[in-house]
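Student: build me a structure from this.
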Amino acid sequence: MAVTNLVLNVADVARSVDFYTGLLGAVVTGEPTSERAVLDLVTATLELRLLADGAACPWQEDDRSLGFRHLGFKVEAVDPLVAQLRAAGVRLRLEPVDAVGEVRIAFFYDPDGTVLEVVEGHLRYHDVVDAAAVAAERALPVPTRPRFDHVGVTSRDLATTVATYRPLGFRHSGTLHFRDDPRGFRIDYLKGGDTVIEVFTFDVEVWPAPPRTDTYGFAAAQLDGAPGVVAGAEVGIVDGRRVLVASDDFPVMVGR
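Tutor: Numbering: from 1, shown residues only. So this is what the prediction gives:
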């Protein structure tokens, strides 16, 4: 089981297609229209939906805001890609940096405000929870083009989040600790197939961010599995598919 599709609401489909194909190596599948396009990200698809009159992207800068945080891509090398982004006028959120876990990362924004991360290298976890899952991750080859790797989510409670996604085949593979962070920040990784749900938790208070399907930016993640396995309140309909809040204000669609 895995993250199979990511849905973004965009103001201009052609503009977003150019961004993801030109800068992140995505490949168009099928026939794009002015209202919808589907892109291949190697391990998942990216569905771009025209939102003609939507609200601004509701994403909050503080990672203590629950729910969606970013989409992450594995890349061969971060710095040359960021140089291309900079030359194209893309707004950066974090310049390339050697990060906890012995990886190199950078963050930036797509044309509608969705936060994206690029990651170079395999993580070295402080705590390995599932050695087989970690070995499977490290066995993946260096990507020849950017490969969807993970979706970042802030959670109220790690145990609840792990239990939510376990029936869909996501295995808790490992943990990174940020011991110098006074908020008690840590990241845990739930691996499903070749994709990951990256879970942020804190010892301090987090706050709700109720998801909507009528704003620009991230709308939902589609997870492989049987409908009904994940219970949650319905927050909208995307092309006939129910969007549920599985936990922690993170919107998902389950099934094909």
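Student: all contacts plus neighbour counts: C-alpha atoms, from now on.
Tutor: Will do.
Student: could you list every helix and strand that the longest helix seen in the chain packs against?
Tutor: Longest helix of the chain, by residue count under DSSP state H: helix 13-24. Helices and strands touching helix 13-24, by 3 or more Cα pairs under 8 Å, 6 or more residues apart in numbering; DSSP states H and E, are strand 27-29, strand 36-40, strand 45-50, helix 78-87.
Student: what mean pLDDT does the shortest one get?
Tutor: Mean pLDDT, computed over strand 27-29, is 98.
Student: list the buried ones in stretch 174-190?
Tutor: Of the residues in stretch 174-190, those buried by neighbour count under the rule 16 or more other Cα atoms under 10 Å are G174, T175, L176, H177, F185, R186, I187, D188, Y189, L190.
Student: from those residues, which two are the most distant?
Tutor: Farthest apart among the buried residues of stretch 174-190 by Cα to Cα are F185 and L190. That separation is 16.7 Å.
Student: got the contact list for the host helix or strand of A163?
Tutor: Under the criterion of DSSP states H and E, A163 resides in helix 158-165. Contact partners of helix 158-165, identified using Cα atoms under 8 Å, 6 or more residues apart in numbering, comprise S155, F170, R171, H172, L190, V199, T201, V230, A246, S247, D248.
Student: can you dump the C-alpha atoms of that helix in PDB for me?
Tutor: C-alpha atoms of helix 158-165 as PDB (Å, rounded to 0.1, in the frame of the first residue of the first chain):
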ATOM      1  CA  LEU A 158       2.000   9.700  17.000                       C
ATOM      2  CA  ALA A 159       0.400   6.500  18.300                       C
ATOM      3  CA  THR A 160      -2.900   7.500  16.900                       C
ATOM      4  CA  THR A 161      -1.400   8.400  13.600                       C
ATOM      5  CA  VAL A 162       0.500   5.100  13.400                       C
ATOM      6  CA  ALA A 163      -2.700   3.200  14.200                       C
ATOM      7  CA  THR A 164      -4.700   5.100  11.500                       C
ATOM      8  CA  TYR A 165      -2.400   4.200   8.700                       C
END
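Student: alright, calling it a day.
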